[in-house]
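Trainee: Here's a sequence, model it:
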Amino acid sequence: MIAQHLPIEAMLPRISLSRFFETEKEPGQVSPERTAEFYELSFYMTGNGMINMNGNEYRVNYGDIRFARPGTYMCSTSYYSCYTVYFDFGQSNVLYQNQLLDGIPEYFHTDGEYRKTFEELIRLFHSEELIAPVKQNALLLSLLTQLFERVYSRKKYCTAVETSISYMETHFSRDISLDHLGKLSGYSSLHLLRLFKRDTGYTPHDFLTSLRMNAAKRMLIY
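Mentor: Numbering: from 1, shown residues only. Sure thing, here's the model as predicted:
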């Protein structure tokens, strides 16, 4: 795997494939192991399967975003469906590095606000419009910028709170205790509670409850 610095001002994505993907309906089916050749940006729609990226396991929920870089080792467990865009910045099998690309997490949860953007990327990929390739590449660059800014805008939170929020967003379907969050963040549960309320205005329990309620609403809708 070749690593290469890419100045942010020189980022020109090139989409090779945009598609809707759905696993086998039977739950528990494990996909073959593979290594990503392109950058892969996915928006998960339905299901409760598992995604394994470089040994890190994530349970699929509606609105989850997966950002795999070239060289990422992956496999998955059904069932789920997703939109996925495969792209590079000039060459496949090259890991391009800069602050923007390095700043987007490999897997994180959203409220589903990027769904229409992924649908438009797929529409443009299959469009015969003359300037569709230009539109889709520009839209992808805009999406990458939005995802980076989404993470960067939360830097107002201290590291302990950011760590707790990221964990809750990815694992909100599990039992999560204040003690467990404290161990993850390196603080006592009482001190983490104070930090969390100071930075967000909510307790970890209230924040987690809100995540679960929003997820339940999305499941009813979709």
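
Trainee: biggest helix in this protein by residues?
Mentor: The residue-count maximum for a helix in the chain (DSSP state H) belongs to helix 132-152.

Trainee: Give the buried residues for that helix.
Mentor: If you call a residue buried by 16 or more other CB atoms under 10 Å, then helix 132-152 has these buried ones: 136-137, 139-140, 143-144, 147-148, 150. Using the backbone N, CA and C atoms, a C-beta is placed for each residue, glycine as well.

Trainee: same check, this time on stretch 19-39
Mentor: Quick answer for stretch 19-39 (16+ other CB under 10 Å): 23, 36-39.

Trainee: Tell me the one of those nearest residue 5?
Mentor: Of all these, residue 39 has the smallest distance to residue 5: 15.6 Å, by CB to CB.

Trainee: wait, that closest one sits on residue 72?
Mentor: No. In this structure, residue 39 is not within contact of residue 72 by CB atoms under 8 Å, at 9.3 Å.

Trainee: Low-confidence stretches in the protein?
Mentor: Applying pLDDT under 70 to the chain picks out residues 153-155, 217-222.

Trainee: Please name the residues that touch the nearest residue to residue 156 once chain neighbours are set aside.
Mentor: Nearest non-adjacent residue to residue 156, counting by CB to CB, 6 or more residues apart in numbering: residue 199, 7.1 Å away. Shown in contact with residue 199 (CB atoms under 8 Å, 6 or more residues apart in numbering): 156-158, 161.

Trainee: the inter-axis angle of the helix or strand residue 162 falls within versus helix 132-152?
Mentor: Here residue 162 sits within helix 159-171, counting by DSSP states H and E. Inter-element angle recorded for helix 159-171 and helix 132-152: 130 degrees (by axes from the mean of the first three to the mean of the last three CA atoms, to 10 degrees).

Trainee: then helix 159-171 to CSV, C-alphas only?
Mentor: Extracted C-alpha coordinates of helix 159-171, given in CSV (Å, rounded to 0.1, in the frame of the first residue of the first chain):
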residue,chain,number,x,y,z
THR,A,159,-11.7,14.6,24.9
ALA,A,160,-13.5,12.6,27.6
VAL,A,161,-16.9,13.9,26.5
GLU,A,162,-16.1,13.4,22.8
THR,A,163,-15.0,9.9,23.4
SER,A,164,-18.2,9.1,25.3
ILE,A,165,-20.4,10.6,22.6
SER,A,166,-18.7,8.8,19.8
TYR,A,167,-19.1,5.5,21.7
MET,A,168,-22.8,6.1,22.5
GLU,A,169,-23.5,7.1,18.9
THR,A,170,-22.0,3.9,17.6
HIS,A,171,-23.2,1.5,20.3
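
Trainee: Pull out the buried positions in the next helix or strand after it.
Mentor: Using DSSP H and E, the next helix or strand after helix 159-171 towards the C-terminus is helix 178-185. Within helix 178-185, the residues scored as buried using 16+ other CB under 10 Å are 178, 181-182, 185.

Trainee: Nothing else from me, thank you.
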